[in-house]
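In: Dropping the sequence and predicted coords here.
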Amino acid sequence: MLHDLKIIYVGSAGVLSIIPLRVLLRAGVGITAIAIMDETIEYLQQQPPTIADIRVGEEELLSTSASLLEIAEAFHIPVVSLSDLLKDDQEKLAALQPDLMLMSCFSRKLPAAIFQLPRLGCFNLHPSLLPAYRGPSPVHWQCVHKVQESGVTIHKVDAEFDRGDIAVQKKISTRHCLNKMELGYKLSLLGGEAFLDLLELMEEDQLILTPQIEAEASYYGFPD
């Protein structure tokens with residue numbers, strides 16, 4: 001694993017943010033800061049606590065429903081609040097001098113001034129096999145369409161949602177995933193593994209970015 005990297009993790013209240021972070025921490029990956037939207041922080045602060053503590057390297061790290069705020073507190077990770085005008089947050093993120101930014105289940109488009117900050121780039125975890133099922137609700141639509149195979153894609157963030165070059169893809173059979181909760185959980189765990197694969201490829205200087213094939217792309221918006 002890459003050592004001494006300054007990694008900013010950008011997430012939200014969703015399971016697709018929480019579990020990949022737990023997987024990273026359980027593997028011993030150091031996180032410099034966790035960045036969350038202001039309104040998400042306010043929402044999480046109003047929720048009842050879910051756990052008493054988190055112990056590194058033990059199964060509780062994966063089985064509890066701790067929020068990003070609780071995880072940050074347990075691991076003494078600073079939280080960076082992000083405003084509606086994300087461009088106004090450039091200075092405080094730049095002050096952290098990030099080497100790498102990892103993002104998962106974050107619904108806002110990062111301005112170039114932010115996603116270009118890390119010297120190793122900004123990478124997003126998307127819960128589908130891109131370029132299929134681009135859009136804000138890929139888990140929902142894959143369940144609606146009863147896909148037989150799904151997976152996760154880590155792509156480099158660029159100016160357009162879900163269109164950046166692919167760094168890592170991992171597949172699973174979805175024949176026995178009956179609902180969004182089950183599929184989301186499985187893809188969350190898989191996403192954590194994909195983040196670890198990304199870090200390993202970087203460490204070994206073997207990361208190859210592959211452009212998405214637009215002819216194979218599909219997009220689905222928010223459910224009605």
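Out: Thanks, I have it.
In: From here on, just use CA atoms for contacts and neighbour counts.
Out: Fine.
In: Check what pLDDT Leu62 gets.
Out: Among the per-residue scores, Leu62 shows a pLDDT of 45.
In: now do Glu204
Out: At Glu204, pLDDT is 94.
In: Could you count how many residues lie near it?
Out: 10 (other Cα atoms under 10 Å).
In: cool, and the one 10 residues further on?
Out: By the other Cα under 10 Å criterion, the neighbourhood of Glu214 contains 11 residues.
In: For it, give me phi and psi.
Out: Here the main-chain torsion angles of Glu214 (degrees, to the nearest 10) amount to phi -60, psi -30.
In: How about Cys122?
Out: phi -120, psi 130.
In: Give me the contact list for stretch 148-167.
Out: Contact with stretch 148-167 is made by 109-112, 115, 121-131, 134-135, 142, 168-175, 187, 190-191, 194-195, 198, 207-212, as judged by Cα atoms under 8 Å, 6 or more residues apart in numbering.
In: Which parts of the protein are strands?
Out: For the chain, the strands defined by DSSP state E cover 7-10, 33-37, 79-82, 100-104, 122-126, 149-156, 166-173.
In: which stretch among the ones you listed comes nearest Leu25?
Out: Closest approach to Leu25 among the strands of the chain is made by strand 7-10 (11.2 Å; Cα to Cα).
In: Now do Pro111 against Ala66, distance only.
Out: As judged by Cα to Cα, to the nearest Å, Pro111 and Ala66 stand 29 Å apart.
In: From the contacts of stretch 148-167, keep the buried residues only.
Out: Burial of these was assessed by neighbour count (16 or more other Cα atoms under 10 Å); the buried members are 110-111, 115, 121-131, 134-135, 142, 168-170, 174, 187, 190-191, 194-195, 198, 212.
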